[in-house]
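1. Quick check, what structure comes out for this input:
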Amino acid sequence: MVKENPSLHRDETENGGAAKPVRGPGRRLHGAIAHKLGMAILSGQYAPGDVLSGEVAFAEELEVSRSAYREAIQVLTAKGLVESRPKAGTRVLPRNRWNLLDPEVLAWAFAGEPDIQFVRDLFELRAIVEPAAARLAAQRRDKDDLRIMKDALAAMRRHTLATEAGRAADRDFHNAILNATRNDALLTLTASIGAAVNWTTQYKQRARALPRNPIPDHVRVYDAIAAGDAQTAAEAMGVLVDLALEDTASAMAG
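-> Alright, predicted model coming up:
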């Protein structure tokens, strides 16, 4: 089934004023197109198996060049969202082909209303990876690792997780733990885990303030890692992830 573009070429102003065509120079332009198409796919406006409108029609509707549209499709192809074939057009791939851990794909998923099962999937991944990482970090961390974690905690306290600066510090804290494992395979997950931490934290504050202060949970993880207590570090990280899921589920329900 060929799907028409669901008004992707226009951004509404906040007060319902005139719509603006997607425009912008070079890289920024095709990135904006990829962002809008990616959001449409992740939100279900396009379903797996749907064929996008032809290149010429899409470029005209978006009021952009065909080359910018093609570059945007290349971005989506690289992330496993679509595939293009001669004469068959560009088709949305099955969800199991999507690179859901790509930080940009995660951003597209959380730009709208994320699926609760996908959110649970992310937390299950974190519950598997991060306690094990905390255990290894307690055994292998050095002074520089501890300094980075401590600085991140200080920044989280100073800025709070309601700000981008505070959430960036939160990502730094989790990244520092993964780095302290000295495990190159785990380090490949750094960007994905960091993005998952950021978007779930930002999401659960959309409608109201955080239901509780999660920084003490992070402090308990840090204290155990600093003490070299691998078992306590793993347990503390497990509790941190479980409580974060509870907070996020509560935000989605209410």
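2. got the contact list for Ile215?
-> Leu153, Met156, Arg157, Leu161 (CB atoms under 8 Å, 6 or more residues apart in numbering). C-beta: built from backbone N, CA, C; applies to glycine.
3. Repeat the analysis, applying 10 Å as the threshold.
-> Residues near Ile215 by CB atoms under 10 Å, 6 or more residues apart in numbering: Leu153, Met156, Arg157, Thr160, Leu161, Gly166, Ala169, Asp170, Phe173.
4. Tell me the buried residues within those.
-> Buried members of the contacts of Ile215, counted by 16 or more other CB atoms under 10 Å: Leu153, Met156, Thr160, Leu161, Gly166, Ala169, Asp170, Phe173.
5. Can you pull out the low-pLDDT segments for the stretch 151-254 of the chain?
-> Residue ranges of the stretch 151-254 of the chain with pLDDT under 70: 207-208, 253-254.
6. just the helices in it please.
-> Here the stretch 151-254 of the chain has its helices, by DSSP state H, counting those that start in this stretch, at 164-180, 184-187, 190-203, 215-227, 230-253.
7. do you know which of the ones you listed lies nearest Ala88?
-> Closest to Ala88 of the helices of the stretch 151-254 of the chain, according to CB to CB: helix 190-203, at 31.2 Å.
8. in that closest one, what counts as buried?
-> For helix 190-203, by 16+ other CB under 10 Å, it's 190-201, 203.
9. again with stretch 212-223
-> For stretch 212-223, using 16+ other CB under 10 Å, the buried residues are Pro214, Ile215, Asp217, His218, Val219, Arg220, Val221, Tyr222.
10. what sits against the most centrally placed residue in the chain?
-> Nearest to the mean C-alpha position of the chain, counting by CA atoms, centre = their mean, stands Leu106 at 3.1 Å. Shown in contact with Leu106 (CB under 10 Å, 6+ apart): 42, 99-100, 114, 118, 122, 191-192, 194-196, 198-200.
11. In contact with the closest residue to Glu113 other than its chain neighbours, which residues?
-> Spatial nearest neighbour of Glu113, excluding adjacent residues (CB to CB, 6 or more residues apart in numbering): Ser43 at 7.5 Å. Neighbouring residues of Ser43 by CB under 10 Å, 6+ apart: Pro6, Trp108, Ala109, Ala111, Gly112, Glu113, Pro114, Asp115.
12. thinking again about what came up before, with distance to Asp144 as extra columns, can I get the contacts of Leu106 in a markdown table?
-> A markdown table is the format used below for the contacts of Leu106 (distance: CB to CB, whole Å):
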| residue | distance to Asp144 |
| --- | --- |
| Leu42 | 37 |
| Asn99 | 31 |
| Leu100 | 32 |
| Pro114 | 35 |
| Phe118 | 35 |
| Leu122 | 29 |
| Ala191 | 20 |
| Ser192 | 23 |
| Gly194 | 19 |
| Ala195 | 24 |
| Ala196 | 25 |
| Asn198 | 23 |
| Trp199 | 28 |
| Thr200 | 28 |
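13. just those now: which is nearest Val239?
-> Val239 lies nearest to Thr200 out of those, by CB to CB, at 16.1 Å.
14. How about that closest one, nearest residue that isn't a chain neighbour?
-> Thr248 (5.1 Å).
15. tell me the strands in this structure, going along the chain?
-> In the chain, strands defined by DSSP state E lie at 2-3, 10-11, 20-21, 51-52, 82-85, 89-92, listed in chain order.
16. what sits against Pro214?
-> By CB under 10 Å, 6+ apart, the neighbours of Pro214 are Met156, Leu161, Asp170, Thr201, Lys204, Leu240, Leu243, Ala244, Asp247.
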